[in-house]
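J.: Got a predicted structure here, sequence first:
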Amino acid sequence: MREYNKSFNYFAEMKDDEIADELKRQQQTGGRPTWQQSTNGSAKAKSAPRTARARNFQDTRFNDPLNLFARASRTRRQKPMTERELRMVEVDRRAFESLGFEGRANADEIRKRYKELVKKHHPDANGGDKASEERLRSIITAYNHLKSKGFLG
């Protein structure tokens with residue numbers, strides 16, 4: 001078998017121009033069979049090129065089960081949201097909840113609640129209770145987060 005493979009010549013019965021065409025084709029495709037690219041397998045059908053255009057969802061109703069477009073629809077229906085409301089994300093909501101708020105609060109309310117909670121959960125005030133120390137850490141983290149995001153003015 002080795003002898004046969006060594007002596008085999010693929011180009012033996014080809015003419016020079018056929019050999020050149022075959023070598024060019026192998027260079028382009030790596031010697032693998034290829035097909036023309038087309039839509040739905042019809043390589044011969046040529047259509048006008050498609051142009052990209054933006055879709056307008058304002059006039060149509062569509063299903064949004066994951067509520068991905070809620071912010072956009074809410075801004076169209078209600079008064080425009082403030083910059084602070086637009087910046088509020090899940091981390092912000094959790095920070096407000098850590099401080100005991102159900103929703104947004106103004107800067108004075110946040111500072112007042114922070115002071116109350118720090119006094120309540122400080123280790124000196126509760127005899128070094130570990131659960132209270134952990135709660136104090138989450139309160140401080142939440143307050144620093146809200147402060148860095150600009151909720152405290």
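T.: That came through, no problem.
J.: Please count neighbours and contacts with C-alpha atoms only from this point.
T.: Noted.
J.: name the helices or strands packed onto the helix of greatest length in the chain?
T.: Scanning the chain for the longest helix, with DSSP state H as the assignment, gives helix 130-148. Packing partners of helix 130-148 (3 or more CA pairs under 8 Å, 6 or more residues apart in numbering; DSSP states H and E): helix 90-98, helix 107-121, helix 123-126.
J.: Now do the first one against helix 130-148, angle only.
T.: Meaning helix 90-98. 130 degrees (axes from the mean of the first three to the mean of the last three CA atoms, to 10 degrees).
J.: Name the residues of helix 90-98 that are buried.
T.: Within helix 90-98, the residues that qualify as buried are 92-93, 95-96, 98, counting by 16 or more other CA atoms under 10 Å.
J.: next one: the second one
T.: Residues of helix 107-121 classed as buried under the neighbour-count rule (16+ other CA under 10 Å) are 110, 114, 117-118, 121.
J.: Also the last one?
T.: Along helix 123-126, not one residue counts as buried under the neighbour rule (16+ other CA under 10 Å).
J.: what's the average pLDDT for it?
T.: Averaged across helix 123-126, pLDDT comes to 83.
J.: Give me the contact list for that helix.
T.: 119-120, 129, 132-133 (CA atoms under 8 Å, 6 or more residues apart in numbering).
J.: Same question for the second one.
T.: For helix 107-121, the surrounding residues in contact (CA under 8 Å, 6+ apart) are 99-100, 125-126, 132-133, 135-136, 139-140, 143, 151-153.
J.: Where does pLDDT dip in the protein?
T.: When residues are selected by pLDDT under 70, those of the chain lie in 38-88.
J.: got the contact list for residue 153?
T.: 107, 147.
J.: again but with residue 12, I slipped
T.: So residue 12 contacts nothing (CA under 8 Å, 6+ apart).
J.: which SS class is it?
T.: Three-state call for residue 12 (DSSP: H, G, I helix; E, B strand; the rest coil): coil.
J.: And the contacts of helix 107-121, which of them are buried?
T.: Among those, the ones that count as buried by 16+ other CA under 10 Å are 99, 132-133, 135-136, 139-140, 143, 151-152.
J.: ok, of the residues you listed, which one's closest to residue 37?
T.: residue 151 (55.0 Å; CA to CA).
J.: gap between residue 26 and residue 134?
T.: Residue 26 sits 69 Å away from residue 134, going by CA to CA, to the nearest Å.
J.: for residue 7, same thing?
T.: On the measure of CA to CA, residue 7 and residue 134 end up 81 Å apart.
J.: All set now, cheers.
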